[in-house]
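Visitor: Quick one: sequence plus predicted model below, questions after.
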Amino acid sequence: MTDTHTVINRRNLLAGGIALTFVPSAHAETPVIRIGYQRYSTLVILKASGALEKALAGRANVIWSEFVSGPQLLQALIAGALDLGQTGDAPPVFASAASPDALVYVGYEPPAPLAEAILVPEDSSIQTLADLKGKRIALNRASNVHWFLLKTLHKAGLSFHDIKPAYLTPPSARSAFESGQIDAWAIWDPYLSGALSNGPRILTTAQDIVANREFFLASRKFSENYPELLRETLHQVAQTDDWAQMHKSEISHLLATQTGLPYDTVYSAIKTRNFGYAPMNEDIIQEQQEVSDGLLKEGLLPSHVDISSAVWK
């Protein structure tokens with residue numbers, strides 16, 4: 001069995017790194033990159049490895065902050081408290097609608113449709129997607145499952161207005177779900193894997209409904225002021241993903257420690273997930289535009305969001 005320290009040590013050995021082209025003067029303040037992460041992401045693996053700090057030694061400092069979900073992370077980024085973060089598909093759309101020009105997309109991950117699902121109690125009368133009509137469904141507002149739930153309802157010929165949404169953070173939603181206060185719960189990993197240990201039933205995953213990608217987002221100001229620092233950080237993200245794809249057992253040990261979930265539970269989810277950073281391209285921009293347009297059409301966004309204008313060049 002490989003422990004977390006082994007994961008970190010191996011990752012450090014693989015940490016390459018390209019030299020930054022900027023050199024602060026003797027009197028200049030050392031640049032800082034502030035990164036927001038969630039417990040089940042590439043960034044938490046990068047944090048644990050120490051590879052970014054090693055690559056930036058003497059050039060920049062790294063500050064890490066943990067968040068319970070993407071919407072809260074992007075609120076901090078827009079407020080100027082973060083420079084870089086990783087979220088699902090819907091959070092940056094909601095954030096851009098509320099604060100145009102505040103953030104830019106700087107990359108994305110492969111789809112992970114099995115990493116989010118709608119749960120119902122084992123003895124629930126809800127057997128089909130159409131049975132969600134009129135039901136009270138918990139979700140984290142503006143998170144990836146907001147888009148997933150909307151598309152799930154559309155698949156059943158329903159709209160978002162046909163349900164009673166309960167906007168709750170994952171910890172609060174789990175409590176409400178297990179106490180019978182809500183009828184269903186739209187949730188993602190690792191909360192999904194953790195909840196399944198208590199016996200609920202999966203009504204549907206996102207398979208054949210939405211891609212469920214994760215994106216890397218930077219504040220526009222940071223991307224303009226420190227482009228080389230951002231490029232180096234993304235290089236380390238890519239290196240981390242390459243390593244993680246080949247070491248899923250070790251990554252599962254690390255994430256089990258981070259989340260408090262049993263190793264077997266984490267590994268069963270991680271083994272179906274692919275890691276792999278890539279810069280934005282036209283197909284992914286269009287995919288995100290469909291998310292934005294779909295949310296706007298449903299009346300869930302206050303204004304149109306042009307995804308192409310929010311992509312880092």
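Guide: Sure thing, it's come through. Numbering: from 1, shown residues only.

Visitor: mind listing the helices for the chain?
Guide: Ranges of helices within the chain are 4-14, 42-49, 51-55, 70-78, 90-98, 144-155, 170-178, 191-196, 220-225, 227-246, 248-259, 263-270, 282-297, based on DSSP state H.

Visitor: pretty sure N61 contacts E29?
Guide: No: the pair N61 / E29 is not scored as a contact, 10.0 Å apart, by CB atoms under 8 Å. C-betas here are computed from N, CA, C, even on glycine.

Visitor: Need the winner for burial among the helices of the chain.
Guide: helix 90-98 (a mean of 25; mean count of other CB atoms under 10 Å).

Visitor: got the contact list for that helix?
Guide: Helix 90-98 is contacted by residues 69-71, 73-75, 77-78, 102-103, 105, 142-147, 215, 217, 288, 291-292, 295-296, 301-305, 307, 310 when judged by CB atoms under 8 Å, 6 or more residues apart in numbering.

Visitor: swap in stretch 67-75?
Guide: In contact with stretch 67-75 (CB under 8 Å, 6+ apart) are residues 36-38, 76, 82, 85-88, 90-92, 94-95, 103, 140-144, 169-171, 217.

Visitor: If we use 6 Å, what do you get?
Guide: The contact list for stretch 67-75 (CB atoms under 6 Å, 6 or more residues apart in numbering) reads 36, 38, 85, 87-88, 91, 95, 140, 142-143, 169.

Visitor: Separate out the buried members of those.
Guide: 36, 38, 85, 87-88, 91, 95, 140, 142-143, 169 (16 or more other CB atoms under 10 Å).

Visitor: Using CSV, lay out these together with distance to E232 and pLDDT.
Guide: Formatted as CSV, those follow (distance: CB to CB, whole Å; pLDDT from 0 to 100):
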residue, distance to E232, pLDDT
G36, 18, 98
Q38, 22, 92
G85, 17, 98
T87, 21, 98
G88, 25, 97
P91, 25, 98
A95, 25, 98
N140, 32, 97
A142, 30, 97
S143, 29, 96
T169, 33, 95
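
Visitor: In strands only, show me those.
Guide: 36, 85, 87 (DSSP state E).

Visitor: So which of the helices of the chain is nearest I163?
Guide: helix 144-155 (6.8 Å; CB to CB).

Visitor: Packing partners of that closest one?
Guide: helix 90-98, strand 136-139, strand 184-188 (3 or more CB pairs under 6 Å, 6 or more residues apart in numbering; DSSP states H and E).

Visitor: For the shortest one, which strands pair with it and how are they oriented?
Guide: Each strand that strand 136-139 pairs with, and the sense of that pairing, follows from DSSP bridges: strand 164-167 (parallel), strand 184-188 (parallel).

Visitor: What are the buried residues along that strand?
Guide: Result for strand 136-139 [16+ other CB under 10 Å]: buried residues 137-139.

Visitor: Let me see the mean pLDDT of that strand.
Guide: Mean pLDDT, strand 136-139: 98.
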